[in-house]
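>>> build me a structure from this.
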Amino acid sequence: MTLKQIEAFYWAAKLGSFAIAAQRLHVTQSSLSKRIAELEESVGALLFDRSNKRAQLSDAGQRLLGHAASMLELGEAMRAEASAKSGLSGVCRFGITELGSLTWLPGFIGLARRMHPALTFQPYVDLARILEKLVSRGELDFAVAPGLAQDEDISCYKIGEVECTWMASPSRIAAGTILSAKQLEAQPIITMTEGSGMTAAINQWALEHRINLHRTLASNSMMAIVGLTAADVGISYLPALFMEPWIAQERLVAFRSRPAPPNLSYYFLSRRDDKRELIETMSGMVASAADFGASALR
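As a prediction, this is how the structure comes out:
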């Protein structure tokens, strides 16, 4: 038997899908099936019940899964020791939200490429909860997103906090204005769509303070919200440092409310059972590179 065969078995079992496991391991589904079949021949038992569409373990498969995990951990330890000087290799698929892609992503990729020239990076930009699901299914190695994961199988490591504030067109509200909760309820608000960590944070804040926000529009693009706010379609809740160029150009103004809106905590999300050196290395690099105030647009 080989580690590639054991790896194919382990991830097909953990992810519950031959197709998703093949995508994670960067092989075709037929190649993954072949590896599992070869492993079954080697151990002399069927590892999966193939009567269902979902990859379901047989009794033998359930008994051997823990051993497979241990063998993969040993293999990863050997690779980590061997690559201590040469760096990581392969493909790294990771998720990031729009704010990260517009601030620290370019610097992170530059640093990571210098340190791990044999590693290919494939960033994927989407909303927080969508990224979480992709990590859970094994389609992404990790993600960086606001808010704690809802899936208990996802590990959350806090990497930073972003100050957020209310933004408006200068023709709507004067800079530095402080609105009461009642005054805030009278304003049309533009938010991100459901699935956004930013929207989840402001929804929870409004619920806790019993504020009924008057939403007029929702978008899955933060930059679209910036443009709509500047066009005076409504007010919005946005990252303070990121918005400084628009404030300096007098296209937008920042104002406050009582109670004050929440800040956003950002987390490194990965599967709890993913013990690869890649995850440990990337979490450390992301934590040092994630400067949400380093706007790539300046």
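>>> what's next to stretch 62-74, contact-wise?
With contacts defined as C-beta atoms under 8 Å, 6 or more residues apart in numbering, stretch 62-74 is touched by 3, 6-7, 9-10, 13, 43, 47, 57, 273, 275. Every residue, glycine included, has its C-beta placed from N, CA and C.
>>> narrow these to those that are buried.
Among these, those classed as buried by neighbour count (16 or more other C-beta atoms under 10 Å) are 3, 6-7, 9-10, 13, 47, 57.
>>> now tell me which of the contacts of stretch 62-74 the prediction trusts least.
Model confidence across the contacts of stretch 62-74 bottoms out at Lys275, which has 85.
>>> contacting residues for that residue?
Residues near Lys275 by C-beta under 8 Å, 6+ apart: 72-73, 76.
>>> need the residues you listed in JSON lines (columns: distance to Gln122 and pLDDT).
What follows is the contacts of Lys275, written out as JSON lines (distance: C-beta to C-beta, whole Å; pLDDT from 0 to 100):
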{"residue": "Leu72", "distance to Gln122": "22", "pLDDT": "86"}
{"residue": "Glu73", "distance to Gln122": "25", "pLDDT": "84"}
{"residue": "Glu76", "distance to Gln122": "21", "pLDDT": "75"}
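>>> just flag the most distant two among the contacts of stretch 62-74.
Using C-beta to C-beta, the contacts of stretch 62-74 span at most 22.6 Å, a distance reached by Val43 and Lys275.
>>> what segments of this structure are helices?
3-15, 18-24, 29-43, 59-82, 98-102, 105-115, 128-136, 181-185, 197-208, 222-230, 244-248, 277-289 (DSSP state H).
>>> export the ones you listed to JSON lines and tack on distance to Pro261?
Output for the helices of the chain, formatted as JSON lines (distance: least, C-beta to C-beta, whole Å):
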{"stretch": "helix 3-15", "distance to Pro261": "38"}
{"stretch": "helix 18-24", "distance to Pro261": "38"}
{"stretch": "helix 29-43", "distance to Pro261": "46"}
{"stretch": "helix 59-82", "distance to Pro261": "43"}
{"stretch": "helix 98-102", "distance to Pro261": "16"}
{"stretch": "helix 105-115", "distance to Pro261": "25"}
{"stretch": "helix 128-136", "distance to Pro261": "17"}
{"stretch": "helix 181-185", "distance to Pro261": "9"}
{"stretch": "helix 197-208", "distance to Pro261": "6"}
{"stretch": "helix 222-230", "distance to Pro261": "14"}
{"stretch": "helix 244-248", "distance to Pro261": "16"}
{"stretch": "helix 277-289", "distance to Pro261": "25"}
